[in-house]
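*Asks:* return a 3D structure for these sequence lines:
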Amino acid sequence: QVQLVESGGGLVQAGGSLRLSCVASGNIFNINDMSWYRQTAGKQRELVATITVTGGVNVADSVKDRFTISRDNAQKEVYLQMNALKPEDTAVYYCQAVAADTFTTRPRSYWGQGTQVTVSA
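*Replies:* Purely as a prediction, here's the structure:
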């Protein structure tokens with residue numbers, strides 16, 4: 001099994017910044033794409049950004065000029081730098097990874113437990 005643990009959420013005023021981190025642990029064979037999603041009550045989970053193992057990125061248009069995704073393959077971590085935050089960025093942010101464990105070596109999707117980001121006006 002692979003576990004993902006997010007950190008870095010919190011309360012921030014509009015215009016402020018936060019940096020989310022997510023670390024993978026467990027019986028990891030390899031990790032492929034890593035992503036950040038977000039979800040607000042009553043809405044579907046939304047893809048925010050994805051980064052491949054070689055560093056290719058895809059960022060949602062709604063945050064493209066403000067959010068940056070990065071990763072440290074050696075540390076098995078992915079980050080989301082969020083700048084110029086807006087109240088509409090308020091959500092629970094989830095880390096997701098496509099990874100294989102050492103038992104099956106078959107890749108599958110894993111999710112973290114989520115971290116709350118609240119942006120006040």
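*Asks:* need the contact list for the residue of the chain most remote from its centre.
*Replies:* Summary for the chain: using Cα atoms, centre = their mean, the residue whose C-alpha lies farthest from the chain's mean C-alpha position is residue 103, with a distance of 25.1 Å. For residue 103, the contacting residues are residue 27, by Cβ atoms under 8 Å, 6 or more residues apart in numbering. Using the backbone N, CA and C atoms, a C-beta is placed for each residue, glycine as well.
*Asks:* mind checking how far it is from residue 53?
*Replies:* With the distance defined as Cβ to Cβ, to the nearest Å, residue 103 ends up 21 Å from residue 53.
*Asks:* before we move on, what about residue 73?
*Replies:* Applying Cβ to Cβ to residue 73 and residue 53 gives a distance of 7 Å.
*Asks:* next, show the common contact partners of these two.
*Replies:* residue 31.
*Asks:* find me the pLDDT at the residue sitting nearest the centre point of the chain, would you?
*Replies:* Closest to where the C-alpha atoms of the chain average out (Cα atoms, centre = their mean) is residue 36, at 2.7 Å. As summarised for this prediction, residue 36 has a pLDDT of 98.
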